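*Asks:* please find the sequence and the predicted model below.
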Amino acid sequence: MFKRICLLAAILGMVLTPFISNHGWAAFVVPGSVVNGTVDPSAEGDDESKVFDNDSLTRLFIQQTTEPTCSFVVDLEGSMEVRSFAMWGRPSYDSGISMLSDTVSVEAANSASGPWTLIGSIDVGNTRPTDPDPTIGGENPWTGGNGRMISCTPTTATHLRISGGFGFDNNILLYHAEVNPKLIIHRMDPVWEGAAYMPLDPGGGTLNSRTPADCIDGNFATRTFFGLDVDLTLDLGVPTPVNDFRIHTSDNDAQAMVKEGVVRTSSTDDPNNFDTVETNFDAGTGQAHAQIFLPNQPNKRFFQMTFTRNRDGQTGTGTAPTYRMSEIDFRQPNEAPIYGAAVVGGSLLDNGVVDPGADGFVEANGIDDDYNTRFRIGQGSAGTTGFVVDLGGNQEITSVGMYGNWTYVQGIQMLSDDVTVEAGNSPSGPFSQIGSINVGNTRPTDPDPAIGGENPWTGGNGRLIPCTPTAASYLRISGGYGFDNNIDLFEVVINPQSVIQRVDPVDGYTLTAQDLWDVGGGVFNSRVGAEAFDRRLVTRVNPKGPLAFTVDLGALVTIEEVRIFPMESDLSQLPKTVTVRTSSTDSPTNMDTVEANFDSPFVGGATIIPIPSNPEKRYVQIDLQANQGGDPNGMRFGEIEVIGRRAGQVGPTPTPTQDPSAIQNWELY
């Protein structure tokens, strides 16, 4: 359905933005499918159409008839794999008592009339107390404004049947439902005990109800306002290792973004017993996001996130939207590079000479997160060399990336010929080869210093070496010497999901090799192209003019969208005019297919570019042409992400119940 909408929009000349359909949710509750219940007894329009309308302030109202349980059918508008189902009550507490009770089940079928197969269920307890506690938090097992996720046995179906008991006063008030969410807010509690008013600043209508569901809907155009310091209990559906949580700004004013808080887990993975502090975070000021790294990468289903202070120094008083955000998401360890690795001193092979220029270009510069430093090797007794990398512990290795300088002419001194990656468990081996690429001869006798050149390993860009997944404590990386029998290695990245293969000025613009970037800022902020794919929102890229980034995704990926995130709270320099290309031959030097011409303002603190054709490619080119004000020379941003799914991947699949901008179960690259 999404593709049909995009094609129609293109024909009509519409500007595509996330959630381009009129309600953004392709699934729907089948009218007349409610069994043992009366729909909308108050005749206020609280009917089946209000569940998947992406508006958390509207509802489906079902009143009990003769039985204590009821059911309704969901049409998925096509066949899809279902792995979870989530439902939400009202964004206040006292109305949550009218959500489903007792055993809530999900059944799957390939028609609206069945036959049905049970694929998931939870017991939410009795939500029909005779004297419900209306105070915030209450004692109700299904508190309002929060949700329940029902994990399901992965099953392909066209329809679902949802069943459960009635809530308080023999009613069900269902405000929101999602198929295959990546995470939901299980409950929300003010930190202030006994506060008797709603901690949200609701309003804004469809796509912007400002309720908790809006900050985990995968849509950066919606936003959530919290008026109090809050505890958010996040449910990931199943135990999941988390590398970092990310909280994204909702607009061009990031002063109401979260600055300080705590992330907790439970030793028993119990959403009512958060007894383990994972980190006390301070996300800093002046940035458009809060990226919260969890050093222990806990493998849990439930996480509690507490907000205590915003960027403006305010704490929640309940009188204003103290915290404002568009989205909360998370990254698993396999979606982030390994930090903390180091090149082992004295590990060079074949008598290679460390730092032949005696300028301090030593092994420590090889993996230091600073793309302005380098590790220089001069040729010794052979035409090849190698070095050993200490991974800082036993790690599963899936890829290695390497970058040359951020200018072009020095790229000729990167490794040449066959570049191999070997794995071992001691610095002296034995080593087993797990990956290799042939980058060609980078030792031309008369190298072309012009931008792009003819060199197969252009400087300032990288090469990604996919590896057979292997657990190891050490790697040995080997290859030939570059121009003038030297290697200038500016950065090694362990387990990148993507690297910038090359950078070129956009057609029609001229930038000299030494003038691509507004370089500076030191460690974590060298402002060069490699910072765009380092999975850190606190680093930034400052191109001096329009540039085309050719990205290597490491393998065939079905590409769904491209996201460009800001680093700073001022979003005016975020790219606005962007062209996305792929290659008909999937060659990084032949980007001949335009996938998207995008020229729209940011929404919710990010530039979101849908790719309606969903091409399956390894290489994608992203041309950044102008910022929000149309200036081609004033772009600045923090991160680029390609959202997609690897070819043949088992597990996460696209979710036709949401537009792709809300797809949270696809991977990033």
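*Replies:* The structure has been received and is ready for your questions. Since the model is a prediction, treat every value here as computed from it, not as a measurement.
*Asks:* would you map the helices across this protein?
*Replies:* Assignment of helices within the chain using DSSP state H yields the ranges 2-12.
*Asks:* helices and strands of it: which one has the lowest mean pLDDT?
*Replies:* Using mean pLDDT, DSSP states H and E, helix 2-12 stands out as the lowest-scoring helix or strand of the chain, at a mean of 29.
*Asks:* nearest residue to Asp592 in space, please, no chain neighbours.
*Replies:* Ser584 (5.6 Å; C-beta to C-beta, 6 or more residues apart in numbering). All C-beta spots, glycine's among them, are computed from the backbone N, C-alpha and C.
*Asks:* what about the one you found, distance to Lys617?
*Replies:* Counting by C-beta to C-beta, to the nearest Å, the gap from Ser584 to Lys617 is 10 Å.
*Asks:* so for these two, which sits in the more crowded spot?
*Replies:* More neighbours surround Lys617 than the other of Ser584 and Lys617, with 23 against 11 (other C-beta atoms under 10 Å).
*Asks:* residues touching that one, list them.
*Replies:* Taking C-beta atoms under 8 Å, 6 or more residues apart in numbering, we find Lys617 in contact with Leu553, Leu556, Val557, Ile559, Thr582, Ser583, Asp586.
*Asks:* can you flag the buried ones in the residues you listed?
*Replies:* Applying a neighbour-count criterion of 16 or more other C-beta atoms under 10 Å, the buried members of the contacts of Lys617 are Leu553, Leu556, Val557, Ile559, Thr582, Ser583.
*Asks:* show me the two of those residues that sit farthest apart.
*Replies:* Among the buried ones among the contacts of Lys617, the pair separated by the greatest distance (C-beta to C-beta) is Val557 and Ser583, at 13.4 Å.
*Asks:* is it true that Gly261 touches Gln304?
*Replies:* No: Gly261 is not in contact with Gln304 according to C-beta atoms under 8 Å; the separation is 10.1 Å.
*Asks:* these two: which is more packed in?
*Replies:* Taking other C-beta under 10 Å, Gly261 and Gln304 do not tie; Gly261 has more neighbours (25 against 22).
*Asks:* for that one, which residues make a bridge with it?
*Replies:* With DSSP bridges applied, Gly261 shows beta-bridge pairing to Phe281, Phe307.
*Asks:* ok, it to Leu349 distance?
*Replies:* Gly261 sits 48 Å away from Leu349, going by C-beta to C-beta.
*Asks:* over to Gln255?
*Replies:* From Gln255 to Leu349 the distance is 53 Å (C-beta to C-beta).
*Asks:* right, and Leu294 touches Pro241 too?
*Replies:* No: with contact defined as C-beta under 8 Å, Leu294 does not count as touching Pro241 (9.1 Å).
*Asks:* report pLDDT for the closest residue to Tyr323 other than its chain neighbours.
*Replies:* Computed as C-beta to C-beta, 6+ apart, the closest residue to Tyr323 that is not its neighbour in sequence is Phe226, at 4.1 Å. Looking at Phe226, its pLDDT reads 78.
*Asks:* swap in Val493?
*Replies:* So Val493 comes in at 89 (pLDDT).
*Asks:* who's in contact with it?
*Replies:* Contact analysis of Val493 by C-beta under 8 Å, 6+ apart lists Pro337, Ile367, Val400, Gly401, Met402, Tyr403, Gly462, Val499, Ala530, Asp534.
*Asks:* list every C-alpha atom in stretch 167-176, with coordinates, as CSV.
*Replies:* This file holds the C-alpha atoms of stretch 167-176, laid out as CSV (Å, rounded to 0.1, in the frame of the first residue of the first chain):
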residue,chain,number,x,y,z
GLY,A,167,-12.2,-3.4,32.3
PHE,A,168,-13.7,-1.2,35.0
ASP,A,169,-17.5,-0.6,34.7
ASN,A,170,-17.6,-3.4,32.2
ASN,A,171,-16.1,-1.2,29.5
ILE,A,172,-13.1,-1.3,27.2
LEU,A,173,-11.6,2.0,26.0
LEU,A,174,-8.8,1.2,23.4
TYR,A,175,-6.9,4.3,22.3
HIS,A,176,-4.1,2.9,20.2
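*Asks:* that older thread, tell me how many other residues crowd the residue nearest to Tyr323.
*Replies:* Neighbour tally, Phe226, other C-beta under 10 Å: 26.
*Asks:* unless I'm mixing things up, it is touching Gly316, no?
*Replies:* Yes: counting by C-beta under 8 Å, Phe226 touches Gly316, with 6.7 Å between them.
*Asks:* run through the stretch 451-600 of the chain and note the low-pLDDT ranges.
*Replies:* Within the stretch 451-600 of the chain, the stretches with pLDDT under 70 are 451-461, 508-527.
*Asks:* let me fix that, I meant to ask about the stretch 101-250 of the chain.
*Replies:* Ranges of the stretch 101-250 of the chain meeting pLDDT under 70: 126-146, 190-211.
*Asks:* let's see that with 90 instead.
*Replies:* Residues of the stretch 101-250 of the chain meeting the criterion pLDDT under 90: 101-102, 123-149, 165-178, 180-233, 237-238, 248-250.
*Asks:* can you show me the strands along it?
*Replies:* With DSSP state E, counting those that start in this stretch, the ranges of strands along the stretch 101-250 of the chain come out as 101-109, 117-123, 147-165, 171-174, 176-179, 184-190, 224-226, 230-241, 244-248.
*Asks:* list the buried residues of the longest one.
*Replies:* Going by neighbour count (16+ other C-beta under 10 Å), the buried part of strand 147-165 is 147-152, 155, 157-165.
*Asks:* identify the farthest-apart pair in those residues.
*Replies:* Across those, no pair lies farther apart than Thr158 and Gly165, at 26.3 Å, counting by C-beta to C-beta.
*Asks:* in stretch 233-246, which residues are buried?
*Replies:* For stretch 233-246, the neighbour count (16+ other C-beta under 10 Å) marks Thr233, Leu234, Asp235, Leu236, Gly237, Val242, Asn243, Asp244, Phe245, Arg246 as buried.
*Asks:* could those be laid out in CSV, adding distance to Ala358?
*Replies:* CSV is the format used below for the buried residues of stretch 233-246 (distance: C-beta to C-beta, whole Å):
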residue, distance to Ala358
Thr233, 57
Leu234, 52
Asp235, 57
Leu236, 52
Gly237, 56
Val242, 44
Asn243, 39
Asp244, 39
Phe245, 45
Arg246, 42
